[in-house]
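1. give me coordinates for this.
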Amino acid sequence: MDEEMIDELMKKHTAILLRVAYYYTKNLHTAEDIVQDVFIKYFQKKRSLQEDAAGKYLMKMTVNKAKDHLKSWHFQKLRFQEKWFAGKKVMPVDPLVLQDEEDMISAAIFSLPMKQREVIAHYYLEGLTTREVAQLLNLSEGTVKSRLVKGRNELKKKLEMVEWEVLKNEPL
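-> Model (predicted):
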């Protein structure tokens, strides 16, 4: 693989891989590390795939690496520490930041169980079809559809009481 090809591949896929890793890990630095590791492993293997196949391969590697991270001892230790120190807030949260609509939506998505969150993220945020999500996650298409329905219902419950500033002046 030449440098031009590597640069092009990274420019094209880094943003989407970073989003996917972030939706799994909920941590930007960890997501960046995962994407970096994925590209390093891909280039070390010196695989030369067609553009479409390379994107799918990198996506699959990212999903697997993110899931491995969630199973790791380091991550479990951090979760324990967060639960242990949850009652002890060091800094107050700015109420203006909490009212931001994107933060509310992200929080609602992050509060979903992993099975629903990953399907919602791939389907809505990455624009994949149910078939593509099913292939990516090694699930049946019916399972993907049912998880989408459950996830949408949960999001609706979580967000229905919010008065959306953006929609105030829109005609119904």
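2. from now on I want contacts and neighbour counts done on CA atoms only, so please keep to that.
-> Fine.
3. show the model's pLDDT score for the residue nearest the centre of the chain.
-> Nearest residue to the geometric centre of the chain (CA atoms, centre = their mean): residue 23, 2.2 Å. Model confidence at residue 23, given as pLDDT, is 88.
4. how far is the strand or helix carrying residue 18 from where the chain is centred?
-> Assigned by DSSP states H and E, residue 18 belongs to helix 3-25. Centroid separation for helix 3-25 versus its chain: 13 Å, with CA atoms, centre = their mean, to the nearest Å.
5. outside of that helix, which residues touch it?
-> The set of residues external to helix 3-25 that reach it, using CA atoms under 8 Å, 6 or more residues apart in numbering, is 28, 30-32, 34-35, 39, 55, 58-59, 62-63, 66-67, 69-70, 110, 114, 117-118, 121-122, 126.
6. any of the residues you listed buried? List them.
-> Burial by neighbour count, judged by 16 or more other CA atoms under 10 Å, picks out 30-32, 34-35, 39, 55, 58-59, 62-63, 66, 69, 110, 117-118, 121-122 from the contacts of helix 3-25.
7. distance from the helix or strand that residue 142 is a member of to the middle of the chain?
-> Element membership for residue 142, per DSSP H and E: helix 141-159. In terms of CA atoms, centre = their mean, the centre of helix 141-159 is found 16 Å from the chain centre.
8. so where's this protein shaky on pLDDT?
-> Scanning the chain for pLDDT under 70 picks out the ranges 1-2, 46-52, 75-76, 78-101, 162-172.
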